[in-house]
Each structure stands twice: as structure tokens, then as C-alpha cells.
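Visitor: Next come a sequence and a model predicted from it.
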Amino acid sequence: MDAIHLRNVDFSYSNKAKLLSNVSLQIPSGHIHGLLGKNGEGKSTLLKLIAGLLFPQKGAVDVLAFEPRKRHPEMLRDIYFLSEELPVSTLSIAGFEKVYAPFYPNFSAEQFENHLKEFDILSKNWKMNQLSHGQKKKVIVAFALATRTKILLMDEPTNGLDIPSKGQFRRMAASALEEERCIIISTHQVRDLDSLIDTIIIMDEHEIVINESIDTITDRLLFRVKETNEPDDTVIHSEDTLRGIYQVCENRMHEDSKLDIELLFNSVYINKKRIQQIFHPQA
């Protein structure tokens, strides 16, 4: 079942050029989806449309069989949007939990407590406005995961986290996935999602270029390292590195390879039309 369905959605701010143009997207439950794209592509806007914080000028958005713009209580209790902008609060962590947890019937106080400990947040008596940016980010991420909502939208959740904390985040997010839960993580820092996501959505020029499972991507694309850059018409994109020449190729023989998210991301921006032909040959 698709938790989220967008059909031919257009969106723009005032009289500016369209930020989203004729976007159609189906996102099922039971997966962690990586929403990737450069800054300014419309990733945050897309999440806000799903959350009902913005309204499309054209097209339709369905979330859990509700229209988000109507802000139906049954939908709101099962969706959490973690914005890149952190909330301003003078509450203690315990006070924040007391005020906001009741909005989410499936909130797990035990899970929240465990996540805080994993993030080295040692006391719920700490005031939110006295925390560093990184500490506050950890608290909000821990709370978001503990809501156990059916839809969890996370906009740049790893911004402000150090390298060890990013690893902890990946483990927490993976453990928070359930069959009926849909988690979407938006970021331009593609390496932060390595080994976490199982579906990739890539935006370029305000449109969806790829929305595929990792299995489908590695079935159609081959990721490899070569010592020399010999002529090969299967090569879509290559990068010279100290370890060799990293390549993305058409996987005509359906060979096994490990997805390189960053290489895939770069391939879309270098050779988008060919990528689109591989995944949407009838378009």
C-alpha cells in the first residue's frame, strides 16, 4: 500500500518559477526512502506538501488516504515532520516531552529515553535553549523516532551531528522502521544515508529523476572500479580517484555490484537523460 501519493503536482512561491512541476510520486510503507538532491531542488517543499504545511497549486496529494491540506486529526497524529530549522523552546527536555508527546498516541517514552542515552544526552532536566545546536538536534531526532508515527519526514536530520552521532542516527533509524511505517529522509549529504535507505528518490531541475529500490538500481546499473579508462559504450559516468577509476555503467549482463550512492548522485547530474532512459524507457 502506498502511504503517500502525489499526482501531477505543481508548486511555486508567489510569482516565482515553479519549484515543482508536474510531479507524480508513489511512496510505500515499510521502507526508509532517501530523498536526494542539491540545495534548492525542492526537497523541503515536497516534504511540506506531504505534511500539509504547503498546498499545491495544481494536482493532488494523498497521505494515509487523507488530503493533507485539510489537516485531519487522524492524519496529524500519524505524521511527524522534523524540519531543518529547530524549534525554539525554553522547556526542559522532560517538559518538551510532556507537552508534545500526547499529540502522538503511539509515542514510546522508553524509546525516547534509550535514544537520548545513545546520543549521550545525560539528563532530561537540561533546558532546550541551553543546549548546543548538535545537542538540540539529537533531542529532536530522538523524539521524532520515538513518536512511532506511520509517516516520519526528516529534513536534513544529520546536519549538526558529528561523525559518531551520524552513525548512531543510522542505527536508530534502521531500528525504528516497522512494516506500516514510512520514513523519508531528505538530504544533500548523500554519504550520510549509506547502508540505511532501501529506496532512493533523486530530484534534479525540480523533477523526480529516480524513484527506485536499491535492488532495481543495482539490477540496471553496474558500479565498478577500473585501472584504466578504456572505451566502453556502457559507461554512463566515471571519476578518477587515487584508488582507480570509479564508474557507473549500464548493467546489460545483470552483474552484481554494490551501490555507491554518491556516484549515482553525480551520474544523475552529469548524464540525467541517459539515466532517465534506463529507468523510464517508455517516457
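Guide: Yes, it's here.
Visitor: what's near enough to touch the nearest residue to residue 105 once chain neighbours are set aside?
Guide: Distance criterion Cβ to Cβ, 6 or more residues apart in numbering; nearest residue to residue 105, sequence neighbours excluded, is residue 77 at 5.8 Å. (Glycine included, C-beta is placed from N, CA and C.) For residue 77, the contact set (Cβ atoms under 8 Å, 6 or more residues apart in numbering) comprises 103-105, 149.
Visitor: pLDDT below threshold where in this structure?
Guide: 1, 283 (pLDDT under 70).
Visitor: What are the structural domain limits within it?
Guide: The record's domain parsing of the chain by automatic domain parsing lists 2-205, 214-279.
Visitor: one step back: top of the contacts of residue 77 by neighbour count?
Guide: residue 149 (25 neighbours; other Cβ atoms under 10 Å).
Visitor: Quick one: residues contacting it.
Guide: 77-80, 104, 106, 181.
Visitor: ditto for residue 274
Guide: Applying Cβ under 8 Å, 6+ apart, the residues near residue 274 are residue 236.
Visitor: Doesn't it belong to a helix?
Guide: Yes - residue state for residue 274 (DSSP: H, G, I helix; E, B strand; the rest coil) corresponds to a helix.
Visitor: how close does it get to residue 215?
Guide: 21 Å (Cβ to Cβ, to the nearest Å).
Visitor: could you pull out the helices for the stretch 151-283 of the chain?
Guide: For the stretch 151-283 of the chain, the helices defined by DSSP state H, counting those that start in this stretch cover 163-176, 214-220, 261-270, 272-279.
Visitor: ok, and which of these has the densest surroundings?
Guide: helix 261-270 (a mean of 19; mean count of other Cβ atoms under 10 Å).
Visitor: Quickly note the distance from the residue most central in space within the chain to residue 254.
Guide: By Cα atoms, centre = their mean, the chain has its centre lying nearest to residue 185, at 2.0 Å. Distance, residue 185 to residue 254, by Cβ to Cβ: 29 Å.
Visitor: secondary structure class for residue 87?
Guide: Residue 87 is classified as coil under three-state DSSP.
Visitor: Quick one: neighbours of it, just the number.
Guide: Neighbours of residue 87 using other Cβ under 10 Å come to 13.
Visitor: so who does it touch?
Guide: Taking Cβ under 8 Å, 6+ apart, one finds 128, 140 in contact with residue 87.
Visitor: in the stretch 151-283 of the chain, which spans are strands?
Guide: 151-155, 182-187, 199-204, 207-213, 221-226, 235-241, 244-250 (DSSP state E, counting those that start in this stretch).
Visitor: Which strands or helices does the first one pack on?
Guide: Spelled out, it's strand 151-155. helix 43-51, strand 79-82, helix 133-146, strand 182-187 (3 or more Cβ pairs under 8 Å, 6 or more residues apart in numbering; DSSP states H and E).
Visitor: which of the ones you listed is buried the deepest?
Guide: Comparing those by mean count of other Cβ under 10 Å gives strand 182-187 as most buried, with a mean of 24.
Visitor: Show me the contact partners of that strand.
Guide: 3-4, 27-36, 43-44, 46-47, 50, 150-158, 173, 176-177, 193, 196-197, 201.
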